[in-house]
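[1] for reference, the sequence and a predicted model appear below.
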Amino acid sequence: MLRTFASLIFLLVTWGQSLTAQTLSVATVTRPPFSLVENGRDSGFSIELLAALTERLGWEYEINRVDVFSDMLGVVRRGEVDLAIANISITAAREIEMDFSQPIFESGLQMMVKIEDMQAPSLLKAVLSWDLVVAIGIAFVLLVGGGMLMWVFERRAQPYFDRPLKEAWFPSFWWALNLVVNGGFEERVPRTPIGRMFGVTLVISSLFVVSVFVAKITAVMTVDAITGSVNSINDLYGKHVGTIKGSTAAGFLDRREIEYREYDGLSDMIADFEEGAIRIVVFDAPILSYYTAHDGARFGRTVGPVFLKENYGIIFPDGSDRVEDVNRTLLALREDGTYDAIYRRWFGARD
């Protein structure tokens, strides 16, 4: 009887150890720098964190890399894998169908713009703009007209204007230009009553003319500076925007009623961005920052602050008994500095 009881205990212990040592099935999707393949090996911040977690827990794991983010969520939802890890935002809608670990990364959304749409305008381009050419033309006509009126009033009284019509237009224009810019010539003061009244009118109105002209130049250069660029979320309306289908970025754009092109995968979206089919990408800030700092440096830049702050987590099938063990181990990895060491390798020192 004693021998039978000892054998039963041995079988139970062996069975428990086999459960502990079983290989977990882990789903992920390629999302640099969280999950990627380098030199034929799975790598990334999330993958390194997973390795640290399973080592501490004594678990083995096997990576199942899927092509589409929604497929990764689907296999977890259906219980076909034990967990999934990448850049998975913790949301209320997902929490209804799956279980989340504690947050493993603080993130948010950001915008990425084609690099040619961000180039600063040149002074030459602003000067040659059609609006500015029109403003200069109007100013020229007004100055010539004002100078010729003064010639009509003063040609018999002021020696400066005493010249034939075919020779008078430029001196008259020059007189009006100096009146507007410098306040006129003391030795060429109008002498007739109507000429003096007209001269005073020109001096007063010149202040308005100069102000309008300067404002027009400033407006043209300002409009040229912001045309085709994006500085805030409000600038997304009417632009060629893209994001991932079913992502938190897609939900944000839907709520703001901003039209966008949706993609099943990151690679397709990036390919269209590089080709110019879309000019702006709204997506997870760390992924866009990693892209623009590496392969995408010549294609785009991130703009504006990070918005819609969110946290990433590890997801499990609903009711998984592994969540508590993972949460305790995550706390331990943060407390002993392991988490910070992994973070620094991929993102540098935290602010």
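    Great, that's in hand.
[2] next up, the contacts around residue 347.
    Shown in contact with residue 347 (CB atoms under 8 Å, 6 or more residues apart in numbering): 33, 45, 286. C-beta: built from backbone N, CA, C; applies to glycine.
[3] check what pLDDT the last one gets.
    The confidence metric pLDDT takes the value 94 at residue 286.
[4] next, the residue lying closest to it once chain neighbours are set aside: secondary structure please.
    Distances taken as CB to CB, 6 or more residues apart in numbering put residue 107 closest to residue 286, at 5.8 Å, once the chain neighbours are dropped. Look at residue 107: counting by DSSP: H, G, I helix; E, B strand; the rest coil, its state is strand.
[5] is residue 107 in a bridge, and if so with what?
    Beta-bridge partners recorded for residue 107 (DSSP bridges): residue 310.
[6] and it, what's its pLDDT?
    The model's pLDDT for residue 107 equals 94.
[7] circling back: of the contacts of residue 347, which is the most crowded?
    residue 45 (26 neighbours; other CB atoms under 10 Å).
[8] touching, it and residue 36? I think so.
    No - assessed by CB atoms under 8 Å, residue 45 is found out of contact with residue 36, at 9.6 Å.
[9] residues near the residue nearest to residue 286, how many?
    Residue 107, neighbours per other CB under 10 Å, totals 20.
[10] sorry, back to before: any chance of the contacts of residue 347 in CSV, with secondary structure too?
    Formatted as CSV, these follow (three-state DSSP):
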residue, secondary structure
33, coil
45, helix
286, helix
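[11] need the residues you listed in TSV with distance to residue 215, can you?
    Converted to TSV, the contacts of residue 347 look like this (distance: CB to CB, whole Å):
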residue	distance to residue 215
33	47
45	51
286	43
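[12] from the residues you listed, pick the one nearest residue 269.
    Nearest to residue 269 among these: residue 286, at 15.9 Å, using CB to CB.
[13] quick one: contacts for that closest one?
    Residues near residue 286 by CB under 8 Å, 6+ apart: 33-34, 87, 105, 107, 347.
[14] same check on residue 70?
    So residue 70 contacts 245-246, 264 (CB under 8 Å, 6+ apart).
[15] residue 259 belongs to a strand?
    No - applying three-state DSSP, one finds residue 259 to be coil, outside a strand.
[16] which ones are touching the residue nearest in space to the middle of the chain?
    Residue closest to the mean C-alpha point of the chain, counted by CA atoms, centre = their mean, is residue 111 at 2.0 Å. Going by CB under 8 Å, 6+ apart, residue 111 touches 230, 233, 236, 280-282, 288, 302-304.
[17] okay, and the beta partners of it?
    Beta-bridge pairing for residue 111 (DSSP bridges): residue 282, residue 303.
[18] helices of this structure, start to end?
    Remark: helices assigned in the chain by DSSP state H are 2-20, 45-57, 69-77, 92-97, 123-127, 130-154, 165-182, 193-226, 248-255, 266-275, 285-293, 323-335, 338-347.
[19] reformat those as JSON lines; add distance to residue 26.
    Output for the helices of the chain, formatted as JSON lines (distance: least, CB to CB, whole Å):
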{"stretch": "helix 2-20", "distance to residue 26": "16"}
{"stretch": "helix 45-57", "distance to residue 26": "7"}
{"stretch": "helix 69-77", "distance to residue 26": "10"}
{"stretch": "helix 92-97", "distance to residue 26": "17"}
{"stretch": "helix 123-127", "distance to residue 26": "53"}
{"stretch": "helix 130-154", "distance to residue 26": "59"}
{"stretch": "helix 165-182", "distance to residue 26": "75"}
{"stretch": "helix 193-226", "distance to residue 26": "46"}
{"stretch": "helix 248-255", "distance to residue 26": "22"}
{"stretch": "helix 266-275", "distance to residue 26": "19"}
{"stretch": "helix 285-293", "distance to residue 26": "20"}
{"stretch": "helix 323-335", "distance to residue 26": "12"}
{"stretch": "helix 338-347", "distance to residue 26": "17"}
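[20] what's the least confident stretch among the ones you listed?
    Mean pLDDT is lowest for helix 2-20 among these, at a mean of 48.
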